[in-house]
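# sequence? don't have it. structure:
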Ligand SMILES: [Zn+2]
């Protein structure tokens with residue numbers, strides 16, 4: 001029997017460590033585009049977020065992806081990411097994307 005280690009990834013918003021399949025990957029491609037990576041296999045620098053739109057909205061508010069991917073995303077970029085996010089959201093487990101309550 002092989003022991004399969006589950007690789008954990010950290011959510012850019014709530015900092016929780018979760019397995020890859022519970023998270024949505026956002027990738028900055030070598031061409032400089034930022035897109036959702038539902039396969040988890042696209043080339044580029046990736047950032048992970050809990051598979052819930054609430055988390056995405058927090059990321060948008062605090063520009064988490066800008067920091068994680070070292071890019072400057074426009075509101076339009078976030079808008080199109082959000083559209084893509086909504087189409088895949090249902091496939092992911094419902095995980096609360098909550099930081100420990102320190103937000104005002
Ligand atoms: Zn999260």
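Here it is on my side, so go on. All values reported here derive from a predicted model rather than from experimental measurement. Numbering: from 1, shown residues only.
# Every contact and neighbour count from this point should use C-alpha atoms.
Noted.
# Need the three-state assignment for the residue of the chain at minimum distance from the ion.
Residue nearest to the ion within the chain: residue 97 (3.7 Å; CA to the ion). Reduced to three states with DSSP: H, G, I helix; E, B strand; the rest coil, the structure at residue 97 is coil.
# The residue nearest to it when sequence neighbours are not counted sits in which helix or strand?
Beyond its immediate neighbours in the sequence, the residue positioned closest to residue 97 (CA to CA, 6 or more residues apart in numbering) is residue 55, lying 5.2 Å away. Using DSSP states H and E, the secondary-structure element containing residue 55 is helix 53-62.
# so, in contact with the ion or not, that helix?
No: contact of helix 53-62 with the ion is not found when judged by CA under 5 Å from the ion; the minimum separation is 5.7 Å.
# List the first helix or strand encountered after that helix toward the C-terminus.
Moving toward the C-terminus from helix 53-62, the next helix or strand (DSSP H and E) is helix 64-69.
# Can you list the helices and strands that that following helix packs against?
strand 45-50 (3 or more CA pairs under 8 Å, 6 or more residues apart in numbering; DSSP states H and E).
# Mind listing residues that contact the strand it packs on?
The contact list for strand 45-50, computed with CA atoms under 8 Å, 6 or more residues apart in numbering, reads 9-13, 22-29, 55-56, 65, 68-69, 95-97.
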